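Student: 3D, please:
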Amino acid sequence: MKALIFASIFTCILFLFSFGSAQSTEKQVVVNLMIDADVPPSPSEAQGYQTEAMLSAMLMEIEGRTLGATIISTQDVLATYTRMRITRIGSNPKFELAMSGNNSKEKLSTESYAGQKDVLEKSKKYTEGCKYCGINEITVRGFMPQSFDQNADTYKVLDDLGIQYDAGYQAGIIYAPGHEKDVWPYKVEGHQFYAVPVSTYNLSGKLVPLQDKYFSDGNLGSNMWYDALTGKFEVAKKNGQPMVIALTTSVSGSGNYLDALKRFLNFALSNKASFVTTMDLVNMTRIDGDQPAASAAKECTTCGKKNNNIVIMVSQNNTTEAASGEVATISK
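Tutor: Reported below is the predicted structural model:
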């Protein structure tokens with residue numbers, strides 16, 4: 001009888017130990033939302049307002065849950081009313097502003113080194129102009145090329161501009177040599193920046209990027225998109241991987257894809273996910289010990305100095321107010 005009782009107690013202890021071990025292997029999932037505020041090249045005034053409305057709809061869901069994300073902008077979108085919404089979100093410390101190139105149809109790899117440098121220097125300047133004088137400063141640390149299109153000249157320009165990460169990669173699909181299996185950010189050999197791979201998901205035996213536009217362009221539908229998000233979440237939870245999700249305002253800013261985003265945010269929060277900016281994700285894996293904040297709120301050092309405090313005004317049939325200080329005009 002004593003032996004039976006002892007065996008029962010021993011079995012219970014083993015069960016509890018095994019259960020605890022299984023629980024401990026399931027780590028908190030780190031989620032990074034990257035939102036490309038996209039508009040057609042040389043957008044009309046109406047298209048600018050439409051993009052602003054779709055971005056606002058997405059931000060309402062994210063901010064409403066006290067979460068954060070990274071907003072990626074081209075020069076074209078910053079030449080519309082959407083710039084004002086991006087400026088406002090840039091003052092929220094949970095968000096990060098990053099840059100892209102000139103427009104949504106751009107192929108940087110077709111440009112020379114000098115051409116790419118001219119484009120990306122302007123993109124950095126315009127994005128850093130999305131600030132409120134005396135309230136916050138914007139320092140662009142990240143870049144994502146349109147259509148994941150870039151080349152060796154792009155990498156040189158990123159180094160020249162002091163960019164700290166490049167999100168033009170896809171885990172297991174587009175990667176730097178020797179990093180086919182990497183799902184976390186990694187330092188690109190021979191350069192100063194980190195590669196940030198967008199997460200990928202095995203869909204019916206094919207590895208696909210966790211990008212809403214991929215699902216929309218392929219007519220896969222919002223339900224399959226949601227299933228991919230939740231499916232990847234479970235994989236990430238089991239394997240201790242991050243989720244880097246590429247969103248676009250033109251897809252996830254309205255309709256069924258916006259509903260899928262809402263459902264996923266609720267799902268992730270119910271599973272205790274942690275939402276971070278892309279720069280935060282890079283800082284989690286850096287090896288050089290230098291971990292600057294994604295955006296620092298501090299007193300503006302250029303107030304009162306003419307032609308130094310860059311703020312973007314729209315000059316293409318759109319009218320906006322200046323966010324602060326002196327004014328620089330974008331003529332598209």
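Student: Any regions of this protein where pLDDT drops low?
Tutor: Residues of the chain meeting the criterion pLDDT under 70: 1-26, 287-332.
Student: Now do the strands for it: every range, in order, please.
Tutor: Counting by DSSP state E, one finds strands in the chain at the ranges 30-37, 70-73, 96-99, 142-143, 165-170, 186-187, 194-198, 200-203, 206-209, 243-248, 274-276, 312-314, 328-330.
Student: closest one to Arg83 among the ones you listed?
Tutor: For Arg83, the closest of the strands of the chain is strand 312-314, at 5.8 Å, according to C-beta to C-beta. From N, CA and C alone the C-beta is placed, and that goes for glycine too.
Student: rewinding a little: could you export the strands of the chain as a markdown table, including distance to Val235 and mean neighbour count?
Tutor: Output for these, formatted as a markdown table (distance: least, C-beta to C-beta, whole Å; neighbours: other C-beta atoms under 10 Å):
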| stretch | distance to Val235 | mean neighbour count |
| --- | --- | --- |
| strand 30-37 | 13 | 25 |
| strand 70-73 | 22 | 28 |
| strand 96-99 | 25 | 26 |
| strand 142-143 | 25 | 28 |
| strand 165-170 | 15 | 24 |
| strand 186-187 | 19 | 19 |
| strand 194-198 | 14 | 25 |
| strand 200-203 | 8 | 18 |
| strand 206-209 | 12 | 15 |
| strand 243-248 | 9 | 25 |
| strand 274-276 | 17 | 20 |
| strand 312-314 | 41 | 21 |
| strand 328-330 | 42 | 15 |
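Student: now those strands as CSV including distance to Thr82?
Tutor: As requested, those are arranged in CSV below (distance: least, C-beta to C-beta, whole Å):
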stretch, distance to Thr82
strand 30-37, 6
strand 70-73, 8
strand 96-99, 12
strand 142-143, 19
strand 165-170, 20
strand 186-187, 32
strand 194-198, 23
strand 200-203, 29
strand 206-209, 24
strand 243-248, 13
strand 274-276, 22
strand 312-314, 10
strand 328-330, 13
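Student: so which of those strands gets nearest Asp227?
Tutor: strand 200-203 (9.0 Å).
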